[in-house]
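> quick check, what structure comes out for this input:
(4 chains)
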Protein chains: 4
Amino acid sequence: MIVGIIGATGYAGVELLRLLAQHPHVTGIHLASVSFEGEFIEQVYPHFLKKISLLLQKPEAVIADSDLVFASLPAGIAEDYAQACVAHKKPFIDLSADFRFGTDEETYTAWYGKPFRYMELHTESVYGLPELNRELIRNAPIIGNPGCYPTGASLAAFPAIAQGLAGTGTIIVDSASGVTGAGREPGRAYHFPECSDSMSPYKVGCHRHTPEISRNLSAMAGRAVPVIFTPHLVPMNRGILSTVYIPLADPVPVKGLLRPSAPAVTETTDEIRALYTAFYRDEPFVRVLPAPLTAATNRVRASNFCDISVHLDPAGSTLIVISAIDNMVKGAAGQAIENMNIRLGFEETTALDMIPAYF
Amino acid sequence: MIVGIIGATGYAGVELLRLLAQHPHVTGIHLASVSFEGEFIEQVYPHFLKKISLLLQKPEAVIADSDLVFASLPAGIAEDYAQACVAHKKPFIDLSADFRFGTDEETYTAWYGKPFRYMELHTESVYGLPELNRELIRNAPIIGNPGCYPTGASLAAFPAIAQGLAGTGTIIVDSASGVTGAGREPGRAYHFPECSDSMSPYKVGCHRHTPEISRNLSAMAGRAVPVIFTPHLVPMNRGILSTVYIPLADPVPVKGLLRPSAPAVTETTDEIRALYTAFYRDEPFVRVLPAPLTAATNRVRASNFCDISVHLDPAGSTLIVISAIDNMVKGAAGQAIENMNIRLGFEETTALDMIPAYF
Amino acid sequence: MIVGIIGATGYAGVELLRLLAQHPHVTGIHLASVSFEGEFIEQVYPHFLKKISLLLQKPEAVIADSDLVFASLPAGIAEDYAQACVAHKKPFIDLSADFRFGTDEETYTAWYGKPFRYMELHTESVYGLPELNRELIRNAPIIGNPGCYPTGASLAAFPAIAQGLAGTGTIIVDSASGVTGAGREPGRAYHFPECSDSMSPYKVGCHRHTPEISRNLSAMAGRAVPVIFTPHLVPMNRGILSTVYIPLADPVPVKGLLRPSAPAVTETTDEIRALYTAFYRDEPFVRVLPAPLTAATNRVRASNFCDISVHLDPAGSTLIVISAIDNMVKGAAGQAIENMNIRLGFEETTALDMIPAYF
Amino acid sequence: MIVGIIGATGYAGVELLRLLAQHPHVTGIHLASVSFEGEFIEQVYPHFLKKISLLLQKPEAVIADSDLVFASLPAGIAEDYAQACVAHKKPFIDLSADFRFGTDEETYTAWYGKPFRYMELHTESVYGLPELNRELIRNAPIIGNPGCYPTGASLAAFPAIAQGLAGTGTIIVDSASGVTGAGREPGRAYHFPECSDSMSPYKVGCHRHTPEISRNLSAMAGRAVPVIFTPHLVPMNRGILSTVYIPLADPVPVKGLLRPSAPAVTETTDEIRALYTAFYRDEPFVRVLPAPLTAATNRVRASNFCDISVHLDPAGSTLIVISAIDNMVKGAAGQAIENMNIRLGFEETTALDMIPAYF
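Coordinates of the predicted model:
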């Protein structure tokens, strides 16, 4: 099994390489990079020394020599590579947004500013969130790997929606990301003295992951689910924490609440948590945490887990679900490999069964 | 003007001392500490060497020798000191929660687990948020200094409520704090390897600042305002960022929106920002940021400013207001000195006109 | 192959468990903890949920049921466990300082304040630095796993000493460690607000790793090598960077130096680097970096590598060697597993061939 | 007193502005910036909003309208501005390296790669380290403000040299800096994900501050003092910690040493510390710390202090002196204002008497 990575020198590409190098069914890896073509990956990233020495090639060469191709590129340029892969019946897993919207060109264009060039490719593509689309992924020629924020947000809200807890009100997703989420290119906002020891929101009300989250929740609900999404930048390398506010369909009497400041362990919360646990019972990478734990990013660091904790507003009107993922793993490279495993019939956890590096 | 600090070796006490030492009208300072009585402050905190050398005394001695007294203690023990100060007509500014609820013993007891011991003291106390109660503070014998989270959250929501923008729906306050907010005592959650490079929520749905926020917003609204509040811990020393979701009374058509992913600078947002700017026109410490800036904690670091940025959900149903404060300054010691300045008739910005230390 | 870990809830114990769980020849693991006996490891460290569920037992039970035992305990209490293991012919790998000094009780007692209780155990013990003692480790009943600082410092200095470059002057080791090096117990010095965004030395001139470094270098030199060692605490989780100043036996003319501020790539440095590279040619975990790279802790993060860069004072009198390790891996748990692999005849890199997590 | 800042939008320029704005004798400030000419400073740095609103002008206009001029520019371009100031008898304080070497063009050129253009300017310039040259500064037309590393290193070594403790051996300066030291321009090395949670040396053996340190120590010694200097980058915003190894002229018997691992409080260390304390008795900004304190950067944060702790190798051959400064204050802007105060006859501590922001 030989795999190719186009866009190998971005952070997601590098994480793909780190994880794929330890995949027992991957016998060869080819890398492509526009910026560093002709160099070796260990020259660009010397932490690969003594482990990996691979030439950075042209995308065409990588596609020609690989059985499956990952692309980790900015939005708007994956279609040609997808086309080439489909033509040669090579599965194509795209980490950009280009294949996350199925045939909904209108939404894609509204948020990403570009039209689809080959609509037929989108017809064949599948949104690669295994917890939502596992069966479709098994045969998809093109898999659109989910965005980092949408992964954590969707997994937090799915059970409440699927089980009828969620009302029709707007779901608010308040998220925070580590700085690797901004990619490898230096910029003022990611210059250490400008972002360390500080917290800041960005793209409030207008981040491109908003329609992707809404699309996922709507798919689960079978109706349009309005979403407000606010991302924040926090001074850490990896991790996304999402705090998701879900208005309940019917406000519930909160049983077992001694007083509002007591630990939020009530019978009602226990019941909802049980629903969540049941919903994800067979999912290898989702952990619904027992009370009184709350999800935190360090407990999933460098793993493919999504941790979820379930809480309830004392007034009984809003469910508060917290999810934590590693943005580079479940939020990008790990989930892409999960999709590869499903697509190729490997055990889904292959090369992804890392224990989190808590510290 | 001689001032006393009871609880001088906690972080808020130390910040009070740092700021008061540069106050031109403060001619003497007395310190009390239970934990370190008999030692000198510069032994406990050697960064004061060559600047301040003061003995840590008993609270009684400090009260006796001071013209005004600050107390920075855990909840539930300020009443006796307040009583002593009132008896000798010395203004008392309490940084704990004990005098933040007026005569509403029921709420205080529900959340803090203790009854009031001297109701008459609470009758005389004023909640020391200058932007809300400036005139009452001028003559208050006891001032209950606001909590850190309630300060940032309330200032973010006040204009929307006061000007009728806010509907009757629940206001969601999603906040993140630096670790100094947890105080000086080491604990597992604040052990560097357990909280650095990570983000985690805590006390979801049950943090004691919830009723204080609700009380403030209700006071502004003239009706009960339901609030959901979720605090998070982020790996930074200082700062609180609050993202406040305010359902609008009437969904507004968003004028000037080119497309949803465009920078959120619309005519409608401009109009709302103008209302905010007008509301705080005469406030020395609130800065409503011009578009397209978003509030961030590093821009208020080590200052008494509260920065506010105003955003709008593209659907036009929810106002998203971000506020940033330094939790040790506007969120604690700075605001306490602001209250002192008001109470004693000094210029309100005296000793508080620091330019933020952006880096 | 069933292994036991005594002291399983300290950071080194937890890292051992994380790595051993992925060791193909380890079929069972037993854990002991004094502090948490009777609990499950995933209760103490919930990041193990869905991955590992193991009861924390008494040390005696762990020894009885294991084929090889690791102990990760404070200095001064390993001898009894070692005795029990030796009696049952079970290899014992101790991560404390207790078996790092061979039979040199005098040095151990001078620095650790305790005598040896069973000298015969020390006679049989081997200092487990594979690059120094690989052959002895193969048959050792007791292996004293090296300290974190001594590992990085010794590997930096060995080639210069072995190849006669080093003179007889004092070797200065200036090191900096991440905060996990301080262990799991919270304390003021490791409280986030007291150590983040700051750098501080500690135990200047009196850190217990000084005699261990000196002993290692002396063993390589065949004479007493005087060492000065200064550790520092830096705000990062993992990693030790050591800057080692080695006075040259004979000052060398620095060939190829264009001007002092030019990049320190000279012919002379190249020659010395070649000697270093040759010295470690067959070592799987030591990487002598090509010019102009300098060792940095993020390039070895979460790996068992020791990166080394070689530099030269422009005056030609002092060799400056930088080494970087992950203090929890090559500096503790990883090296302990390396010792296990050697002792049991496994491939030395088994379960230790991780690619560093650069970001 | 109207002052000008050329290079006002770099970090040192911004820190100058922050501090000068609170200087009681500064009645006006003019700013120049090449990159942002025509904009207002609060547009470039919005943390100045509501505090400072100043147009960024051309350097010539700033010089014309100011009584004293600071320049904070890259090396090699200050001479023209200096010339203009000298011509109009306006004191010129340069924060670059251009006036740090007196008339020693050879050293400057060897390390900075450029010749002097106006030697006569250098004849008139004074190196602005007040602890070394206070009297000369009082009348200097041009003051070369010291480099950040040389300030901390020199203050650490001066007393040992002046009092004859130091031998003729090479003095090793091992330093670590926060990332603001790299300036405002983003770059890969300062991109948050590449430098957070990591430590790395840079320019080993070839940093341009080496000759400046050597020059200072030689001036104090009255002979050439060889220096090896190694800078490191650590994940913090501000601060420089220098660990300085000074070979003693005569190895001393260490009196009072109970055992090597005991706290390094010996009679001999006390004696040396007393010499240090005496040396700096009248210096307002140098604090020789009492035992057993060690210098740390957080205790001088945002202040003009240089903290020094004195330690002794147990073998009695090497003095280990630690110094800590804030690189932006005593290491740059603070010291520049100190020079201004001296030059203009103000109290030296004016606008510089901040208590450190320990957390």
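> over to A:A357. Which of the three states is it?
coil (DSSP: H, G, I helix; E, B strand; the rest coil).
> what sits against the nearest residue to it once chain neighbours are set aside?
In space, and not counting its chain neighbours, A:A357 is closest to A:A302: 4.4 Å by Cβ to Cβ, 6 or more residues apart in numbering or on different chains. C-beta coordinates here come from the backbone N, C-alpha and C atoms, glycine included. Counting by Cβ atoms under 8 Å, 6 or more residues apart in numbering or on different chains, A:A302 makes contact with A:238, A:326, A:329, A:354, A:356-357, C:302, C:357.
> A:P247 looks like it's in a strand, true?
Yes: remark: A:P247 belongs to a strand, assigned using three-state DSSP.
> that one: neighbouring residues, count only.
The number of residues packed near A:P247 is 20, by other Cβ atoms under 10 Å in any protein chain shown.
> who is it paired with across the strands?
Taking DSSP bridges, one obtains A:T318 as the residues bridged to A:P247.
> hmm, back to that, can you select the buried ones among the contacts of A:A302 for me in PyMOL?
To isolate the buried members of these in PyMOL, using 16 or more other Cβ atoms under 10 Å in any protein chain shown:
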select buried, (chain A and resi 238+326+329+354+356+357) or (chain C and resi 302+357)
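> could you dump the contacts of A:A302 to CSV with pLDDT?
Converted to CSV, these look like this (pLDDT from 0 to 100):
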residue, pLDDT
A:R238, 98
A:D326, 98
A:V329, 98
A:M354, 97
A:P356, 98
A:A357, 98
C:A302, 98
C:A357, 98
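> relative to chain B, which of the contacts of A:A302 is nearest.
Of all the contacts of A:A302, chain B sits closest to A:R238, with 7.5 Å by Cβ to the nearest Cβ.
> mind checking how far that closest one is from chain C?
7 Å (Cβ to the nearest Cβ, to the nearest Å).
> could you report the pLDDT at the nearest residue to that residue once chain neighbours are set aside?
Using Cβ to Cβ, 6+ apart and skipping the chain neighbours, the partner closest in space to A:R238 is A:G178 (4.6 Å). At A:G178, the model reports a pLDDT of 98.
> next one: A:L257
So, for A:L257, pLDDT stands at 69.
> check the nearest residue to A:R215 once chain neighbours are set aside and give its pLDDT.
The shortest distance from A:R215 to any non-neighbouring residue, by Cβ to Cβ, 6+ apart, is to A:F101 (6.8 Å). pLDDT for A:F101: 98.
> confirm for me that A:F101 is in contact with A:T107.
Yes: A:F101 is within contact range of A:T107, at 5.5 Å (criterion: Cβ atoms under 8 Å).
> give me the common contacts of those two.
With Cβ under 8 Å, 6+ apart, A:F101 and A:T107 have common neighbours A:211, A:215.
> who has more neighbours, those two?
Taking other Cβ under 10 Å, A:F101 and A:T107 do not tie; A:F101 has more neighbours (22 against 16).
> around chain D, which positions in chain A sit nearby?
Selection of chain A residues close to chain D by Cβ under 8 Å from any Cβ of the partner chain yields A:11, A:178-180, A:184-188, A:190-193, A:195-197, A:235-237.
> hmm, try it at 6 Å
Residues of chain A lying near chain D by Cβ under 6 Å from any Cβ of the partner chain: A:179-180, A:186-188, A:190-193, A:195-196, A:237.
> closest one of those residues to B:A157?
Taking Cβ to Cβ as the measure, B:A157 lies nearest A:C195 of the residues of chain A next to chain D, at 26.8 Å.
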